[in-house]
Every structure is written in structure tokens, then in C-alpha cells.
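# show me the folded form of this:
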Amino acid sequence: MKLVVVGGVAGGASAAARVRRLDADAEIVIFERGEHVSFSNCSLPYYLGGVVESDEDLIMMFPEDFKNNHDIDVYTRHEVTAINRERKTVTVRNLNTGEEYEEAYDKLVLSPGAKPVVPKSIDGVESSKVFTIRNVTDISRLKNTLDAAGMEKVTVVGGGFIGIETAENLKLSGKTVTVIEGTNQIMAPYDYDMVQTLHKELDDNGIRLYLETTVTSIEDGRVTAVRRGEQFFVEADAVVLAIGVAPETSLAENAGLEIGETGGIKVNPSFQTSDSNIYAVGDAIETFNGLTHKPGRIALAGPAQRQARAAADHICGKQSKVNGFIGSSCIKVFGLNAACTGLNEKTAEAQGLSYDSVLLFPSDKVGLMPDSNYMQFKLVFEVPTGRILGAQAIGTGEADKRIDVIAAMITMGADLEDLKELELCYAPPFSTAKDVVNMAALVALNILYGRYRQVHVDKVRQLAEEGACIIDVRSPEEFESGHVKGAGNIPLGQLRQRLEEIPKDVPVYLHCRSSQRSYYATCCLQGKGFDNIINISGSFLGISLYEYFNDKTEGREPIVTEYNFD
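Next up, the predicted model:
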């Protein structure tokens, strides 16, 4: 058998290596249009900040390594320009010499990836001072240009993974950095109430962030942008476009292969295209969401490698189980670690699911430990089944560990009761006896079973401005250090002695730092016959984090007297 692979990064290289492990006699050829194969594209931004010291460190294997270790022939700077299905050949152009020739195949794997979006509507987008990041050549060119020219002011357009990682590393390298994002938040996989923490972290580290802003032109030394109808200028010696990526499907389209409804190459569960001899994997394909079972695309290395293995298995006569994707990912933003998996609230609503969520701020390890800190954790679940739909975590500690647990539970089809009973490792330096994820399940079950009612933090401003009855059950000292305007203070320890101060004829909203004491207060009052009690999800810390960046950028009057993030 002769296997030809188009694209030599995560998907293509993995498929070729797997076929070699299963078939020692197969003839395997990889064609890569770029200068390198098997490089760590997820690590590219970290070369800018010096975390990765050399651009050569980004390259995991060279063509000679593939040949010596795996007997795989790799040709870089060789572009496959056409698939000749009737002859079972591909047309290859040697980009070094311009020579074209045909290469025969028995099986063909397409892993062309996705290309950065470069909007032609932006005047000046073709300037030499405008950069995109896709491969080692791109990141080397960007860093060399910034270093050699002494450029100090860089604007990053786009607030996704590449944009935020690039902005952070540019800042670490000493640049003045601006991020421009077209929507009302960075990092679309996170819900708006969660992502405010990341907005604050960027702001705290000196990155200017413009949301709901569109770039209209790029000139020498500045960017022209429009926000809510108003035009303004940002000084910029260089611009990095990280708006998003689009699947590379032209090769497949020109060969008459079917394209899916979301714009990726359509494949079956074995990753065969509409031509059974041609497979496709990675960022260019349309697969399906494992939770909604609807077609979708995902540009992550983990799914690409699993797809490559499944395709290689099928090529060699083996079948693999395919679960689709759930979108597990993580990112470091300066001092914070953020991770998410599954559906967020926006996606659940868009899919027409009946859902609810809980927001917690528990400690990530026992409070006596010197590096203990709060973790912002959100759990999304289906109503009334309790099926786990997704989760998001942000904190200085191991957010990824908690989200990995939820990802495993989602993959196994677990519900809140399963998560409540999940037995996890515990020692004070690592977690708490009831881990963050167990605590989230307990809170969510209380909501699911109607044991008490909650209101989300994004509703608190409206409640405060309408003069709702809000009671803060923290200590007087905590209350004085910062509280919601108009709120009263009845500490939890005084609650039973001051029941007469709590009205029964209007809704009463309780909160504390993390919703724990307000939960105890809710249980107490409900036990005393109050049926008008509502707990504020996320409580004071959640309210403060949610309001902080909005107040600062929108010029709003704060509803919290003082922001206290200790």
C-alpha cells in the first residue's frame, strides 16, 4: 500500500506515524507546503516572550528524522496543487524549483489545516507591518522584524487563543500592547460573566483592551478603528491579525469532494471523505459535537491527533470508536489559568437546550496552605435531567485539573449525581476534601431539585438600581471594606436574633463573599418559614469581578462601594 499525506503538522504527521506502526511495509510520503513539519504550533506565541528561547526549539522533528526513525519520506516546500481522483494521483509542485509532477497513491490523507483570516475590507492589510501566525516561519519573521526595527507598539486584532497568548508574550518582551476585539468579550468559549476576570487580568498587566471595536484601516504607525460608531486611532508600529481561522478546503473542493454545512471537508465516522480512498483530518474537516450531535468544526491539536489515529486505523483495517468533540481547552493569561469544556451558556441557549448553571468561588486547596486561593468555577447542566453540559474554571491554581475531571464526566455521559459522588484525591496542598468540582455538583443539585432559588451575578446591577432588598451576611468589617450599594448588613452569626428585620412581603436577596454563608443563611431563613429568599450566585466576589471591567470601560457608576479582590 502507498499512503500519501498532504500536510505534515499534528494531523498529517500523526496519521503517517500511526500507519507506519500498523504496517511496516507501507510506502508513506508526506508533502508539506511550508518549511517545517511536526512543529509545536501551539507554542508559537511563547517564542515572542522568550519562554521558548529559540525558533529551532519549536521544531519537534526534521524530515531526516522521519526517514531514519520511521522510514517515511517527507518533502517540505512541496505543495499539492490538485487531486486526480480518476488516476489516483496528486499533482505536486516543488516550491524551490517550480517543477511539477504527479505522485500516485492507494490511500490519501488530507490534513491541510486552517489559514488565518485576513479581511480584505481592512485598508492596508497587505502591509509588510501586518503579520499572521500559522507556522515557525511566521513567528520568526514577526520576532525578527520587531527586534531588528526596534518596534515598541504592537496592536493585536482578535481576542481568541492566539491573540491573547501573543499579546501576553509581546507584553512580556517589553512591548506596548493593544488588543482589539470585535465582540463584547475575549475568549468566546467562556461566558461573559466568567471572562470579566480575564479582562481584568489583561488590564492589570498593562494591556489596553478595546471591545466591540472594528479595525477599518492600517497605516504606517497607526490603526484606525471604530467603536459604537465613533472612530479613533491607535498608535501601532506593527499589527498582528488573530481574528480567526478558516479551513483550507480549496484542494478538496477542486477535486469534487463534499463540503459540510459548516464549511469543512465532510467526513464519515472513519474520516473518509466522499471518496472512500481519501481521508481528511484536523482543522479543515467538519465532524460533530459530542454533546449536541450536530455538525461542527474545531481547531485544536488534541482532536486532530485522535482523528488522525482513527483514520490511520481504518486505512489499516481497524475500526475506532468516535465520540466527536466537546471542546476542552485551556489558556494561561499572565497570573491566571483558565480552562473550559463542553457547552457554555451561550451555546446551550443557541442549541435550544433547557439548562441552568451555578457559579462558585471556592478555595482550590485548604485555606491553611500558603498558596491557597479562590477558583472561579461555573458548571452548566441540563434541566431536568442533570446531565453535565460544560464547565469553566479560572484561578491561579490548577483550573485545568478541574476541567479535565468535567471533560471525563461529560465523555462518560455523567450527571450531577455522578459528579457529587466522584471520589478524588485529597491532601491539603492539592485540594479540599470536597473538591471544587464536588462542591459545584452539590450546589447545582440544590438548584436542580428546587431546594433554594438563585439569581445570577449579571442581574445584580438591575436589582440594586431598582432598590431590591439585598442583605449582605458577611461580617461588619467585610461589609465596610466593600459592598453592594443599598445593601443591608446582617452577619450570619446575628441572623437568628434579627429575624424581625427581614421582610416577608418582598423578595430578599442574600449574598456573602463566595455564596457559602449566604447559602447557610438561606437554609436558616427557609427553615424559619421565609419563602421569599433568593441566593445570589457567585456572591460578592463574583459581583465585583463582573462589574469591575464594565464599570471602568463603560464609564458606569459602580454599584459596589469598593472593589476588594483579596
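# which of the helices or strands spans Ser276?
Using DSSP states H and E, Ser276 sits within no helix or strand.
# quick check: it vs Phe39, distance?
31 Å (CB to CB, to the nearest Å). In short, each C-beta sits where N, CA and C put it, glycine included.
# so between these two, which is more surrounded?
Phe39 (26 against 10; other CB atoms under 10 Å).
# so what pairs up with that one in the strands?
Legend: beta-bridge partners of Phe39 under DSSP bridges are Ile59.
# doesn't Thr137 make contact with it?
No: using CB atoms under 8 Å, Phe39 is not in contact with Thr137; the gap is 9.7 Å.
# what residues does Asp193 make contact with?
359, 378, 456-458, 538, 542, 546 (CB atoms under 8 Å, 6 or more residues apart in numbering).
# isn't there a strand covering Lys318?
No: counting by DSSP: H, G, I helix; E, B strand; the rest coil, Lys318 falls outside a strand, being coil.
# who touches it in this structure?
Counted by CB under 8 Å, 6+ apart, Lys318 has contacts Leu22.
# ditto for the one 4 residues further on
Residues touching Val322, when contacts are defined by CB under 8 Å, 6+ apart, comprise 269-270, 287, 310.
# how close does Glu181 sit to Asp237?
For Glu181, the distance to Asp237 - CB to CB - is 20 Å.
# next one: Val37
Counting by CB to CB - Val37 and Asp237 are separated by 32 Å.
# and the two? Which one has more around it.
Val37 (26 against 19).
# check what pLDDT that one gets.
pLDDT for Val37: 91.
# element containing it?
Using DSSP H and E, Val37 falls outside every helix and strand.
# how close does it sit to Val90?
From Val37 to Val90 the distance is 17 Å (CB to CB).
# repeat for Met375
Taking CB to CB, one finds Met375 at 50 Å from Val90.
# can you show me the helices along the stretch 101-250 of the chain?
Per DSSP state H, counting those that start in this stretch, the stretch 101-250 of the chain carries helices over the ranges 136-149, 161-172, 192-204, 250-254.
# one more: the stretch 401-550 of the chain?
Under DSSP H, counting those that start in this stretch, the stretch 401-550 of the chain gives helices at 416-420, 436-448, 460-465, 476-481, 516-527, 539-554.
# pull out the buried residues from the third one.
Spelled out, that is helix 460-465. For helix 460-465, a neighbour-count test (16 or more other CB atoms under 10 Å) marks 460-461, 463-464 as buried.
# what of stretch 471-490?
Quick answer for stretch 471-490 (16+ other CB under 10 Å): 471-475, 478-479, 482-484, 487, 490.
# of all those, which two lie farthest apart?
Gly482 and Ile490 (16.9 Å; CB to CB).
# ok, Gly229 - how many residues close by?
Residues near Gly229, counting by other CB under 10 Å, number 5.
# kindly apply the preceding question to Glu557 instead.
9.
# ditto for the one 3 residues further on
For Val560, the number of neighbouring residues by other CB under 10 Å comes to 21.
# just Glu398 next, same as before
Neighbour tally, Glu398, other CB under 10 Å: 18.
# so which of the contacts of Val322 belong to strands?
Thr287 (DSSP state E).
# biggest separation within the contacts of Val322, which pair?
Going by CB to CB, the pair spanning the contacts of Val322 furthest: Ser270 and Thr287, at 11.6 Å.
# looking at those two, which is more packed in?
Set side by side, Ser270 and Thr287 show more neighbours around Thr287, with 25 against 16, by other CB under 10 Å.
# for the nearest residue to Asn94 once chain neighbours are set aside, what are its contacts?
Nearest residue to Asn94, sequence neighbours excluded (CB to CB, 6 or more residues apart in numbering): His78, at 5.7 Å. Residues counted as contacts of His78 (CB under 8 Å, 6+ apart) are 31-33, 92-95.
# ok, now Glu235?
153, 221-222.
# any idea which of those residues is closest to Val436?
Of the contacts of Glu235, the one sitting nearest to Val436 (CB to CB) turns out to be Lys153, at 39.7 Å.
# the helix or strand bottoming out on mean pLDDT in the chain: which residues count as buried?
The weakest-scoring helix or strand in the chain, judged by mean pLDDT, DSSP states H and E, is helix 539-554 (a mean of 86). Across helix 539-554, burial judged by 16+ other CB under 10 Å covers 539-551.
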